[in-house]
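# Need the 3D shape of this:
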Amino acid sequence: MLNQLRASGAEVMLHRAAGQWKHHGIEAEVLAVAPAPGPFAADLRSVGYAVAHEPDEQLIRVPPRLARRVRDGGFDVVHLHAERASFYFGLAARTTGAGVVRTVHSVFGFDGVLRAQRELQRRILRRMGVVHVGVSRGVADNEQFRFRNPAQIVNNWYGDEFVPPTPAQREAARHALGLAIGAPVAVSVGNCAPVKRHEALLKALAHPASPPGLVYLHVGEEEGGHAERRLAERLGLSDRTRFLGRVHPLHALYAADVFVMTSAYEGLGLAAVEAVATGLPTVFADVPGLREVAQAAPSAWLTDITPAQLAETIGRAVRSAENRSAADDLRAFRDRYDMQRGVAHYSRIYRSLAAAGEPR
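Numbering: from 1, shown residues only. Presented below is the predicted three-dimensional model:
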């Protein structure tokens, strides 16, 4: 179960893992709980998932409808991918006898009454047999510290197409994007949600400390109104920014000299993991979910996102770009975020819950 299906972390991971589930004897379906299924629904269907839709205009009516759907469909396990209403969805699914997995994708900073509420909800679900999974060590640590909620760790994974480019592949990628020879290039990958803070990167691009002539490739879905595009225009950067839309990021990563991620927080930034896997030098905001990736990466910088500091750090990364990490340097990183390993871990959890049967 997810919210509206977009080209975001959980959906992209499911898309790439579509062929893996059958090796473990698992049949998986996707349910979008949203006003509409979302733009990524067709992508998931194209790789073999059955995609269903549950309207959420009256969210209070969704749990009983979910229980009927699970019971009528004979599902053994329900995997909750979103924080929103997960407590009520988890309760509904458990009343049918299905096992429930709840993935925590972010380092939630809830405080006060909301923190106490979420701690109680997690405790109730746990006592009902719900398995909590964190997508990184940082997420699991936050769950334990903030909500006293022990969680297993299954690291986010990436597709095996993300490998360092050959010189010919890099040259072809730059040529396809019309990039001038020798032009320094920064890339970000992610939808234009406020948490991504892409405006910080645009302001750094306009700062005098930014590498001269730096071109910015923006891969991801823009919000309605194109606020980031308008900001680029106001900053006089229209000739140095390319909004590529919702495309596969590999060619942009091959063409770039540095990957930049300025998020306010991440559970585990999948786009960051993919960028590191191509050997690209990376600049990350010094926040939970990105620190962990930086520690595992051969060439990464953590930074504040003030325009001057971010621009200066990007410059250092660009100057290091000639030493792009090779495949041998990334062997331990690949093992840590391996798709086969992650799918196998979830498969073991699913089988354990299916074998447990009725609610405990």
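# which other residues reach stretch 134-150?
For stretch 134-150, contacts defined as C-beta atoms under 8 Å, 6 or more residues apart in numbering pick out 103-110, 115, 118-119, 122-123, 126, 132, 151-156, 267-268, 288-289, 291-292. In this view, the C-beta of every residue, glycine as well, is placed from N, C-alpha and C.
# residues of that stretch that come out buried?
Buried residues in stretch 134-150, counted by 16 or more other C-beta atoms under 10 Å: G134, V135, S136, G138, V139, A140, D141, N142, E143, R146, F147, N149.
# Tell me where the stretch 51-200 of the chain has strands.
77-80, 99-104, 131-134, 152-153, 185-189 (DSSP state E, counting those that start in this stretch).
# Please state the offset of the third one from the chain centre?
Spelled out, that is strand 131-134. 16 Å (C-alpha atoms, centre = their mean, to the nearest Å).
# Which strands border that strand, and is each parallel or antiparallel?
The strands beside strand 131-134 in its sheet (DSSP bridges) come out as strand 99-104 (parallel), strand 152-153 (parallel).
# Give me the residues contacting the shortest one.
By that I understand strand 152-153. Against strand 152-153 from outside (C-beta under 8 Å, 6+ apart): V131, H132, V133, G134, V135, S136, R137, V139, A140, H345, I349.
# hmm, back to that, now the contacts of stretch 134-150: which count as buried?
Buried, going by 16+ other C-beta under 10 Å: 103-108, 118-119, 122, 126, 132, 151, 154-156, 267-268, 288-289, 291-292, out of the contacts of stretch 134-150.
# Show me the residues you listed that map onto helices.
Judged by DSSP state H, the buried ones among the contacts of stretch 134-150 include R118, E119, R122, R126, R291, E292 as members of helices.
# out of those, which one sits closest to F40?
If you rank these by distance to F40 using C-beta to C-beta, E292 comes first, at 25.6 Å.
# so what's that closest one up against?
Each residue near E292 by C-beta under 8 Å, 6+ apart is listed here: S136, R137, G138, L268.
# can you redo the strands paired with strand 131-134 as JSON lines with mean pLDDT and distance to D160?
As requested, those are exported to JSON lines (pLDDT from 0 to 100; distance: least, C-beta to C-beta, whole Å):
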{"stretch": "strand 99-104", "mean pLDDT": "97", "distance to D160": "22"}
{"stretch": "strand 152-153", "mean pLDDT": "96", "distance to D160": "21"}
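# quick one: which of the contacts of E292 sit in helices?
Per DSSP H, the subset of the contacts of E292 in helices is R137, G138.
# and which of the contacts of E292 is nearest G182?
L268 (34.1 Å).
# What separation do you get for the closest residue to the closest one other than its chain neighbours and A277?
Using C-beta to C-beta, 6 or more residues apart in numbering and skipping the chain neighbours, the partner closest in space to L268 is S136 (3.8 Å). Look at S136 and A277: by C-beta to C-beta, to the nearest Å, they are 16 Å apart.
# Check S86 too.
30 Å.
# Was I right to think T262 contacts K196?
Yes: the pair T262 and K196 passes the contact test of C-beta atoms under 8 Å, sitting 6.8 Å apart.
# any shared contact partners between the two?
Common contacts of T262 and K196 (C-beta under 8 Å, 6+ apart): S188.
# Quick one: the strands in the stretch 201-350 of the chain, in order.
Under DSSP E, counting those that start in this stretch, the stretch 201-350 of the chain gives strands at 215-219, 241-245, 258-261, 282-285, 300-303.
# Distance to A272 added to those, as TSV?
Below are these laid out as TSV (distance: least, C-beta to C-beta, whole Å):
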stretch	distance to A272
strand 215-219	13
strand 241-245	18
strand 258-261	5
strand 282-285	6
strand 300-303	9
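# which one of those strands lies closest to L353?
When the strands of the stretch 201-350 of the chain are compared by C-beta to C-beta, strand 258-261 sits nearest L353, at 33.8 Å.
# same for that closest one, what does it pack against?
Of the remaining helices and strands, those touching strand 258-261 by 3 or more C-beta pairs under 8 Å, 6 or more residues apart in numbering; DSSP states H and E are strand 185-189, helix 270-277, strand 282-285, helix 307-319.
# how about those in a markdown table, adding mean pLDDT and distance to H79?
What follows is the helices and strands packed on strand 258-261, written out as a markdown table (pLDDT from 0 to 100; distance: least, C-beta to C-beta, whole Å):
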| stretch | mean pLDDT | distance to H79 |
| --- | --- | --- |
| strand 185-189 | 95 | 25 |
| helix 270-277 | 93 | 17 |
| strand 282-285 | 95 | 28 |
| helix 307-319 | 94 | 37 |
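# now these in CSV, with distance to D72 and mean neighbour count?
As requested, the helices and strands packed on strand 258-261 are exported to CSV (distance: least, C-beta to C-beta, whole Å; neighbours: other C-beta atoms under 10 Å):
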stretch, distance to D72, mean neighbour count
strand 185-189, 39, 25
helix 270-277, 33, 26
strand 282-285, 45, 27
helix 307-319, 52, 19
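# Take the ones you listed and write them to JSON lines, including distance to R94.
Shown next, in JSON lines, are the helices and strands packed on strand 258-261 (distance: least, C-beta to C-beta, whole Å):
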{"stretch": "strand 185-189", "distance to R94": "36"}
{"stretch": "helix 270-277", "distance to R94": "29"}
{"stretch": "strand 282-285", "distance to R94": "38"}
{"stretch": "helix 307-319", "distance to R94": "46"}
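# right, and these - which one's nearest D335?
That would be helix 270-277 among those, by C-beta to C-beta, at 11.5 Å.
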